[in-house]
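Engineer: take this sequence and fold it.
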Amino acid sequence: MDKSILREYVESIVTAVVLALIIITFIAQSFLVQGNSMEPGLHNGQRLLVEKLSYRVRPPQRGEIVVFRYPLDPRRKFIKRIIGIPGDEIFIKDRRVYVNGLPLEEDYINGPTYGAYGPAVVPPDSYFVLGDNRNNSDDSRFPDVGFVPRKNIVGRALFIYWPVWQARLIRQPAIFAELN
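Structural biologist: All right, here's what the predicted structure looks like:
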């Protein structure tokens with residue numbers, strides 16, 4: 001093999017690796033849903049595209065599904081929905097979630113939310129997250145997760161791409177458009 005052809009292959013491979021690292025670090029990456037804490041909207045085994053650009057220009061918003069580093073083990077990543085942003089008062093009672101005193105009409109969750117929580121105010125630079133399968137989710141209601149610091153948020157779930165027949169954009173429930 002000619003040295004110039006070998007050099008071309010090596011340069012192409014190095015360029016591809018560098019581009020992949022830039023994309024994964026700053027733009028988007030794949031995420032595998034593990035478990036059923038986000039059912040009925042997201043299912044175990046689905047693959048998502050998580051984009052990282054929007055949070056460089058604006059803060060995360062209520063209703064968005066985010067991937068974040070688990071506070072007790074940053075090598076693990078969780079996926080949940082943002083319910084409260086900095087300054088929001090959150091409480092849960094009588095099977096309802098309240099944000100700033102207003103009950104959420106949650107037609108996207110897997111059954112009512114059992115138990116009680118709060119009231120608690122989301123601290124600056126932090127977020128209150130819940131799984132859509134509320135009664136099978138380790139989320140901000142529990143001390144091991146708690147309020148998620150902004151620095152732990154990896155990105156926003158944008159698109160389900162696997163399995164192919166389930167491919168679709170991930171949309172924010174209408175109730176959050178009213179709150180945001």
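
Engineer: tell me who's in contact with the residue nearest the centre of the chain.
Structural biologist: Central residue of the chain (CA atoms, centre = their mean): residue 66, 1.3 Å from the mean position. Residue 66 makes contacts with 60, 79-82, 127, 129, 148, 153-157, as judged by CB atoms under 8 Å, 6 or more residues apart in numbering. Using the backbone N, CA and C atoms, a C-beta is placed for each residue, glycine as well.

Engineer: any weak-confidence spans in this structure?
Structural biologist: 1-3, 14, 16, 18-28, 178-180 (pLDDT under 70).

Engineer: any chance of a markdown table for the contacts of residue 66, columns distance to residue 167, secondary structure and neighbour count?
Structural biologist: Shown next, in a markdown table, are these (distance: CB to CB, whole Å; DSSP: H, G, I helix; E, B strand; the rest coil; neighbours: other CB atoms under 10 Å):
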| residue | distance to residue 167 | secondary structure | neighbour count |
| --- | --- | --- | --- |
| 60 | 24 | coil | 20 |
| 79 | 17 | strand | 23 |
| 80 | 22 | strand | 25 |
| 81 | 20 | strand | 26 |
| 82 | 23 | strand | 26 |
| 127 | 27 | strand | 27 |
| 129 | 25 | strand | 26 |
| 148 | 28 | strand | 24 |
| 153 | 24 | strand | 21 |
| 154 | 21 | strand | 17 |
| 155 | 19 | strand | 23 |
| 156 | 17 | strand | 23 |
| 157 | 13 | strand | 25 |
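
Engineer: returning to what we had before: if the residue nearest to the centre of the chain is in a bridge, with which residues?
Structural biologist: residue 80, residue 156 (DSSP bridges).

Engineer: relative to residue 135, how far out is it?
Structural biologist: Applying CB to CB, to the nearest Å, the value for residue 66 to residue 135 is 21 Å.

Engineer: same deal with residue 70?
Structural biologist: In terms of CB to CB, residue 70 sits 20 Å off from residue 135.

Engineer: what does residue 111 give?
Structural biologist: For residue 111, the distance to residue 135 - CB to CB - is 6 Å.

Engineer: check contacts around the nearest residue to residue 122 once chain neighbours are set aside.
Structural biologist: Computed as CB to CB, 6 or more residues apart in numbering, the closest residue to residue 122 that is not its neighbour in sequence is residue 84, at 4.4 Å. Residue 84 is in contact with 62, 90, 99, 122, 127-128, 140, counting by CB under 8 Å, 6+ apart.

Engineer: next: residue 128.
Structural biologist: 82-85, 88, 90, 120, 122, 140, 147-148.

Engineer: quick one: which of the residues you listed is most hemmed in?
Structural biologist: Counting neighbours by other CB atoms under 10 Å, residue 82 leads the contacts of residue 128 with 26 neighbours.

Engineer: so that residue sits right up against residue 129, yeah?
Structural biologist: Yes - counting by CB atoms under 8 Å, residue 82 does reach residue 129; the two are 5.6 Å apart.
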